[in-house]
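Visitor: I'll drop the sequence and a predicted model, then ask my questions.
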Amino acid sequence: MAFENHRWYNLLRQGRALEVMQQHATDVKDIQPHFTEPVYNIEEYKLLYPIPEREWTLNADVTQNPGW
């Protein structure tokens, strides 16, 4: 699946996105120490997209994803 631009979605599906991105951030910080701490800081709530306001205002049973 190299170069197919699907890696992020595969990591999400496999539940490995946080683990892989945190390791990548560690590797990048070792190579380029001038980057500040927020670089590659992915929080768990960012693994889900926010639900558009229009959708949850039209349907009272839909609630916003946590963190958004």
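Guide: Noted; the coordinates are in hand.
Visitor: after the lowest-mean-pLDDT helix or strand in the chain comes which helix or strand?
Guide: One helix or strand of the chain scores below all others by mean pLDDT, DSSP states H and E: helix 17-31, with a mean of 85. For helix 17-31, the following helix or strand on the C-terminal side (DSSP states H and E) is helix 53-58.
Visitor: give the rounded mean pLDDT of that following helix.
Guide: For helix 53-58, mean pLDDT rounds to 91.
Visitor: gap between it and the chain center?
Guide: With Cα atoms, centre = their mean, to the nearest Å as the basis, helix 53-58 stands 23 Å off its chain's centre.
Visitor: next: stretch 22-33.
Guide: 17 Å.
Visitor: name the residues of stretch 25-40 that are buried.
Guide: Ala25 (16 or more other Cβ atoms under 10 Å). C-beta coordinates here come from the backbone N, C-alpha and C atoms, glycine included.
Visitor: thinking again about what came up before, packing partners of the least confident helix or strand of the chain?
Guide: helix 7-14 (3 or more Cβ pairs under 8 Å, 6 or more residues apart in numbering; DSSP states H and E).
Visitor: which residues touch the helix it packs on?
Guide: Met1, Ala17, Val20, Met21, Leu47 (Cβ atoms under 8 Å, 6 or more residues apart in numbering).
Visitor: convert the C-alpha atoms of that helix to PDB, please.
Guide: Extracted C-alpha coordinates of helix 7-14, given in PDB (Å, rounded to 0.1, in the frame of the first residue of the first chain):
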ATOM      1  CA  ARG A   7      -1.800   4.800   5.400                       C
ATOM      2  CA  TRP A   8      -3.500   7.200   7.900                       C
ATOM      3  CA  TYR A   9      -6.800   5.400   7.400                       C
ATOM      4  CA  ASN A  10      -5.200   2.000   7.800                       C
ATOM      5  CA  LEU A  11      -3.500   3.100  11.000                       C
ATOM      6  CA  LEU A  12      -6.900   4.300  12.300                       C
ATOM      7  CA  ARG A  13      -8.600   1.100  11.300                       C
ATOM      8  CA  GLN A  14      -5.900  -1.000  13.000                       C
END
